[in-house]
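S.K.: I need the structure of the sequence given here:
(4 chains)
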Protein chains: 2
Amino acid sequence: MRDIDIAEAARLSGVRASTLRFYEEKGLIASHGRRGLRRMFDPAVLDRLALIALGRAAGFSLDEIARMFAPDGRPRIDRRMLAAKAEELERTIRKLNAMRDGLRHAAACPAPSHMECPTFRRLLRAAASGAIGERKTRRPPRKSFAATGREQGRARGS
Amino acid sequence: MRDIDIAEAARLSGVRASTLRFYEEKGLIASHGRRGLRRMFDPAVLDRLALIALGRAAGFSLDEIARMFAPDGRPRIDRRMLAAKAEELERTIRKLNAMRDGLRHAAACPAPSHMECPTFRRLLRAAASGAIGERKTRRPPRKSFAATGREQGRARGS
DNA sequence: CTGCCAGTTCAAGTTAACTTGAGGTCAAGG
DNA sequence: CCTTGACCTCAAGTTAACTTGAACTGGCAG
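M.R.: Numbering: from 1, shown residues only, chains lettered A, B, ... in the order given. Alright, predicted model coming up:
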């Protein structure tokens, strides 16, 4: 097997075809040519996609990830960058630990109202002072279809 | 001192005036009347803002936070929701721990290329399989000004 | 040969949480 | 009385990472 088409790449990687096109446009991946109109990908794109998924999971933005590939496409990952991101994760983890403990306490606290629970109020002060905050978690915006991750095969409307 | 104006509320809470207006529009806070055009806030809004900051730090969306206040404005925080969020944080923390360890290893790994490091490749597989992913951290989008968090006092343009 | 259907392009839409800008108002100070 | 400046409203812009829609194309099965 030489090249794979976009549907195959999507199937094998779990990344949607529309995302693959988006990634290509962004320069994160490259198609290896066309058969007619259709992109053909080198199977190595799957490694690349795994690398991208890893970067995303580690909290890198797509732009940061793009910068981790040399112009020739070879991954040139700076070890210091990895270490820095590890430290960043470390800090995040610490905050989340504190938050989790606080939430657990608040959930179990017998005080009649949360406002009367000292632990809750301490958490509150920490949050208000910004000692904890600056975290934003986006949930995946997939709003429709229980599809398994592929684009639906429904083109050319009315 | 009875009521505070928006600038005072911003100063005391560290939340921008524009954000306060936004929160009011969203129903997260309420102004207690107007002096002329200007909103006046009950100082209790500061507690409310702290609560909101706490919720945000814990990973709740503004909409979720809004739902934590009864229609009358009293906080009605479901302990089960807190516990659930704590569990969610727990899962996130575990993933981040794995990611941090992997990054640290990769940063220290003596293999000539990351692709030849077994640990790195293991991480890669985990990310590709989605066992780690689904995390998205947004950095604060404040793109301009080193201001301390207040709106600049510069109105009426040309 | 014909038509289907998966693929294509490009622009625009989505979401969250705000921010920014334009243009307007009003209370107080000089 | 008139200016000033902080506040007001409302609409539109921002960012990231995609998704969706409309209109189109072309390889291949029949």
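
S.K.: how far away is the nearest residue to A:I4 once chain neighbours are set aside from A:A30?
M.R.: Once flanking residues are discounted, A:I4 sits nearest to A:F41: 5.3 Å by Cβ to Cβ, 6 or more residues apart in numbering or on different chains. For glycine as for every other residue, the C-beta is placed from the backbone atoms N, C-alpha and C. Counting by Cβ to Cβ, to the nearest Å, the gap between A:F41 and A:A30 amounts to 8 Å.

S.K.: For the top helix by length along chain A, name the packing helices and strands.
M.R.: In chain A, with assignment by DSSP state H, the single longest helix is helix A:79-108. In terms of contacts (3 or more Cβ pairs under 8 Å, 6 or more residues apart in numbering or on different chains; DSSP states H and E), helix A:79-108 is packed against helix A:118-128, helix B:45-58, helix B:79-108.

S.K.: on that earlier part again, show me what contacts the residue nearest to A:I4?
M.R.: A:D3, A:I4, A:D5, A:I6, A:E8, A:A9, A:L20, A:I29, A:S31, A:H32 (Cβ atoms under 8 Å, 6 or more residues apart in numbering or on different chains).

S.K.: Out of the residues you listed, who's the most crowded?
M.R.: Counting neighbours by other Cβ atoms under 10 Å in any protein chain shown, A:I29 leads these with 28 neighbours.

S.K.: so who does the nearest residue to that one once chain neighbours are set aside touch?
M.R.: Distances taken as Cβ to Cβ, 6+ apart place A:Y23 nearest to A:I29, at 4.8 Å, with adjacent residues excluded. Neighbour list for A:Y23: A:V15, A:I29, A:L49, A:I52, A:L62 [criterion: Cβ under 8 Å, 6+ apart].

S.K.: quick one: which of these is most hemmed in?
M.R.: Most surrounded of the contacts of A:Y23: other Cβ under 10 Å gives A:I29, at 28 neighbours.

S.K.: Am I right that that residue is in a helix?
M.R.: No. A:I29 is assigned coil when assessed by DSSP: H, G, I helix; E, B strand; the rest coil, not a helix.

S.K.: I'd say it and A:D47 touch.
M.R.: No. Using Cβ atoms under 8 Å, A:I29 makes no contact with A:D47, being 10.3 Å away.

S.K.: Who are the contact partners of A:G55?
M.R.: Applying Cβ under 8 Å, 6+ apart, the residues near A:G55 are A:E64, A:I65, A:M68.

S.K.: is DNA strand C contacted by the strand ranked longest in chain A?
M.R.: The longest strand of chain A (DSSP state E) is strand A:38-41. Yes. If you take Cβ under 7 Å from any atom of the strand as the test, strand A:38-41 does meet DNA strand C, through A:R38, A:R39.

S.K.: Domain ranges for chain A, per the record?
M.R.: Domain segmentation of chain A under automatic domain parsing yields A:4-67, A:79-128.

S.K.: Using TSV, lay out those domains together with mean pLDDT.
M.R.: Converted to TSV, the domains of chain A look like this (pLDDT from 0 to 100):
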stretch	mean pLDDT
domain A:4-67	96
domain A:79-128	90
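
S.K.: Identify whichever of those lies nearest to B:P118.
M.R.: Among the domains of chain A, the nearest to B:P118 by Cβ to Cβ is domain A:4-67 (14.5 Å).

S.K.: quick one: contacts for the nearest residue to A:A128 once chain neighbours are set aside?
M.R.: Excluding its sequence neighbours, the residue lying closest to A:A128 (Cβ to Cβ, 6+ apart) is B:A50, at 3.8 Å. By Cβ under 8 Å, 6+ apart, the contact list for B:A50 reads A:L124, A:R125, A:A127, A:A128, B:S13.

S.K.: Perfect, that will be all.
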